[in-house]
Each structure stands twice: as structure tokens, then as C-alpha cells.
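> Next come a sequence and a model predicted from it.
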Amino acid sequence: RIVSKPVRDRVNIDRRVAVTPPFILFRQLVLRMFQGLSYATVLVPDQDRALTFYIDTLGFKKREDFQMPDGKRWVSVAPPDEDYPRLAIVDADDDHPRLPDDPDRKRDRIGSQVDDYVAFVFSVDDCRATYEQLIKSGVEFVTEPYETPWGVEASFRDPWGNVYEIVEPQRSDTSPPSTE
């Protein structure tokens, strides 16, 4: 019996799917669902003061600033050469319209969203130069730049106590091997 090519191909595909373990199918589905990180939230007591810090002190760009239908303000910033991911600057007193909220608990988390661990890591071309520039801008550093296996990094705090890192990734040596 002769089977047409499209039917043969469809049968082969069905056989492969039938023998693929469920966890692999789930992983493939998840990989197709998530395309990247869009926003990370920073809780603050004052969005205007936070904008001043992120824009005037760190040099970020304001990406969004508008009133939502429920009257709350939506504000986001990002490093100057990036559109995403963005930091959503959220007033800790604002409740989420669709999630259970505890404003006191959110206010208590300002400056400690990750309990004195690094909240966000930003890549920089030159950690030491960026460190010097940010020191001049008034940023409070927790560490001076130091060498790590993955590059040079330094940690700083925002005005509310959140800890951030700047990292200059280790550069691989792309020069040709010496012939000596």
C-alpha cells in the first residue's frame, strides 16, 4: 500500500510526540510561552523622589509615566540604551487591583525586598569608572570595585536601602595566540 508523503510525515510527527516524555513537552511549551523579562518591581515611598534618583543620579531614562484607569500612577525606568527590562517604580501605598494586598507589609518591605541581598545587577563597560562617576553623583556604595571570576563588580544602595550591583563582565582574550 502506498501512503502519500504528507500522511507519512504526519504519522512520524505523531509518533515522536507520543514517545516524548511529558516533562520535555512541558519544558518546550514553557520555553515558547516566556519570551523575556519585561518588568521588575521596586517598592518606594515616593515615586517622584525615586524618579529623581534613577534619572538624575543613575542616568536611567523614564520609559512610562501615566495614570492608570484606577487612578494610580504607573512609572517605569530603564538604563539609557535599553528598552526592556524596565524597573517599575511602585508606590508601596498603592494596592494591586486584582491581588490581595497588605499595605503595611509592603511598606515594611521598602528597601528590603530581598532582605539585604542584591536586588538587581546592572552590566557596565567599566566598573571602576562607573563607580567613580556614581560616587560623584552621591550614590552610597557598600563595596569598592573588586575582582571576581566573572568580572569586576561593586555594590551600592538606593536611598531606601535596596542593594544593587554593577558588573563589568570578564572579557575573554580574543587576541590571536602568540607565535613566540
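Received, thanks.
> ok, the residue nearest to residue 125 when sequence neighbours are not counted - contacts?
In space, and not counting its chain neighbours, residue 125 is closest to residue 168: 6.6 Å by Cβ to Cβ, 6 or more residues apart in numbering. For every residue, glycine as well, the C-beta is placed using N, CA and C. Listed by Cβ atoms under 8 Å, 6 or more residues apart in numbering, the contact partners of residue 168 are 123-128, 130, 151-153.
> tell me the SS of residue 168?
Secondary structure state of residue 168, per DSSP: H, G, I helix; E, B strand; the rest coil, is strand.
> need the contacts of residue 168 in TSV with distance to residue 161 and secondary structure, can you?
As requested, the contacts of residue 168 are exported to TSV (distance: Cβ to Cβ, whole Å; DSSP: H, G, I helix; E, B strand; the rest coil):
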residue	distance to residue 161	secondary structure
123	23	strand
124	22	coil
125	27	coil
126	26	coil
127	22	helix
128	24	helix
130	21	helix
151	25	strand
152	24	strand
153	19	strand
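> Of the residues you listed, keep whichever come out buried.
Buried members of the contacts of residue 168, counted by 16 or more other Cβ atoms under 10 Å: 124, 127, 130, 152-153.
> what's the closest of those residues to residue 138?
Of all those, residue 130 has the smallest distance to residue 138: 14.2 Å, by Cβ to Cβ.
> Sketch out the low-pLDDT regions of this protein for me.
Within the chain, the stretches with pLDDT under 70 are 1-33, 95-116, 173-180.
> which residues of it fall in strands?
With strands called from DSSP state E, the chain shows them at 39-44, 61-67, 73-78, 86-91, 118-123, 140-141, 146-148, 151-157, 163-169.
> Switch those over to a markdown table; also include distance to residue 53.
Shown next, in a markdown table, are these (distance: least, Cβ to Cβ, whole Å):
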| stretch | distance to residue 53 |
| --- | --- |
| strand 39-44 | 9 |
| strand 61-67 | 12 |
| strand 73-78 | 10 |
| strand 86-91 | 9 |
| strand 118-123 | 14 |
| strand 140-141 | 11 |
| strand 146-148 | 24 |
| strand 151-157 | 11 |
| strand 163-169 | 11 |
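> Noted, bye for now.
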